Every structure is written in structure tokens, then in C-alpha cells.
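A.B. asks: this one's structure only:
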């Protein structure tokens, strides 16, 4: 059943006490360990040819340390993976033109929901059927998907609590299936797991289709047992109410939200995404 704790908005300017305690208990974070971890990580980065000339923001280093639960060596490896990803796919780290948000409906396939789950997680909704591959290229689809996670990780609440993701496959078809190449699927997996320092707490799939069946038959073979345990399939979209309170869900899932696409936020994330330096940016607060 959903947690009865007070629901918080996505956009916040402080860390509640329960989140501060979570950072201590789940991520091994203390003021001393934060300083020590950054110092160790800076030394590792300064001695490697891939990263020695990059000026890393302190908040950005803390993001990777939180993800690794303050294992500096693991954080170092993840940063290297991320830098290599940016170097190999430079054009995917550019913003899409802002006018696309007014002229191309397919840009609305993904959003951050206005409210967090009761345990503080950032809620991401991907309605894949809203993406028309003939209208929005696969590369622009990837750009918009990447920025939802990468830019949102400037938020300390998201760094500590993680993401809960709803993938809605309603309206998907063979048009989408042709883009499910091994290369595209591996890119999405590698970027999400090996490179982006996000904590993926739950992934929910609703409105099963041939696309979802195909995706899962491939992806399940190379995700960890731990990650598989966090994946949930729902034959009835309203089954999401067993996991989330109606106040944070759109009406099509039995929730109360009629206006849930945060256009201003998505446009802001997109603008920042293309300007983000390789060494990261300060947190939002």
C-alpha cells in the first residue's frame, strides 16, 4: 500500500529531516565523509588522462559519491563512463530547439510529475505512444529522455531519494518497434546504469504491447537481479494505486492529476542540458 506520509512537490528548496536521515543510513553520508570523499575523488580524477584537465564542480562530485554510497573508486569509474559517453555521443548532449515544444507534439512523451512519491522519489512518466518517430527523430527522442534524468540530478532530493518511473506503452506500434535495435537498447541501458548516477527505485510498466514484450525479452537478460526485483508490470493501469496515492498520479491511472505535463520545467531542463559543462554544475539548492 502507498506510504501515508505527506506528499511533497517536485520543486523544493530544502531537504526534509527524513531525507537527511536517509542520506546517513542508506548512502553513508556524513559531513566529514563528504569532504574526505571529494578529496579522494579529486585526486583520482587529477591523475587520469581522461579527466585531469576537467574542472569538476563540488556538487557534481557529491552526486557521484552519493550514488556509490561514498565509495570513491566506484564513483571514479562511473564518472569515467559518463565522460566517455559524452565524448562518443557529443551531439546527443545538445538541447533540442526550443520551438519544438510548440510545434512538435511528440516532445510531450516524457515529463517529471508535479509531486513526489511519499518517500521523496522523483516521479518520471514516459508515455511512449505519444512519440511519433516520423515527427521526432530517434536522436531527439534520446536527447529529451537523457535530459529528464541528467538535469534532474542537480536536485539533491533526487540524488538521495532516487527515481520512480512509469512507462506507459499505450499507443505504441511497429513504428516504434523498428527502433528497438540492439544498439539503441544497449545505449539506453549503458547510459542509465553505467553512466548516469541515478538511483532507480521502481520501474512500472503499464498497457502492455508487442513493443514492451520485445523490449523486456531483450533487456531482462542484461539487467541485474536487484534491478529486476524493482520492475513491475500492470495489466490494469489503476493497479498503480497499490503503489502510489491518487494525489500524485494522472487520471488515466486512477489518479487525480488532469494537468501533469510540466512544459515550463521540461523546457528549462532542455535549455540547461545543452549548456552543461562536462565537469557538472552546482545543485539547484
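C.D. replies: Sure thing, it's come through. This is a predicted model, so every value here is computed, not measured.

A.B. asks: how many other residues sit next to the nearest residue to residue 152 once chain neighbours are set aside?
C.D. replies: Closest residue to residue 152 apart from its sequence neighbours, by CB to CB, 6 or more residues apart in numbering: residue 158 at 5.2 Å. Just so you know, the C-beta spots here come from the backbone N, C-alpha and C atoms, and that holds for glycine as well. For residue 158, the neighbour count with other CB atoms under 10 Å is 26.

A.B. asks: Can you give me the distance of residue 158 to residue 101?
C.D. replies: For residue 158, the distance to residue 101 equals 22 Å [CB to CB, to the nearest Å].

A.B. asks: do residue 66 as well
C.D. replies: Separation of residue 66 from residue 101 (CB to CB) stands at 31 Å.

A.B. asks: same thing with residue 90?
C.D. replies: Taking CB to CB, one finds residue 90 at 23 Å from residue 101.

A.B. asks: who has more neighbours, those two?
C.D. replies: More neighbours surround residue 101 than the other of residue 90 and residue 101, with 17 against 9 (other CB under 10 Å).

A.B. asks: for that one, phi and psi?
C.D. replies: phi -70, psi -20 (degrees, to the nearest 10).

A.B. asks: so who does it touch?
C.D. replies: 107, 263, 266, 267, 270 (CB atoms under 8 Å, 6 or more residues apart in numbering).

A.B. asks: Which pair in these has the greatest spatial separation?
C.D. replies: 263 and 270 (10.4 Å; CB to CB).

A.B. asks: more crowded one of the two?
C.D. replies: Under the neighbour definition other CB under 10 Å, residue 263 and residue 270 were set side by side, and residue 270 has more, 22 against 12.

A.B. asks: Could you say which helix or strand holds that one?
C.D. replies: helix 263-275 (DSSP states H and E).

A.B. asks: Find the centremost residue of this structure, please.
C.D. replies: Closest residue to the average C-alpha location of the chain: residue 149 at 3.0 Å, with CA atoms, centre = their mean.

A.B. asks: and the gap between it and residue 238?
C.D. replies: Distance, residue 149 to residue 238, by CB to CB: 26 Å.
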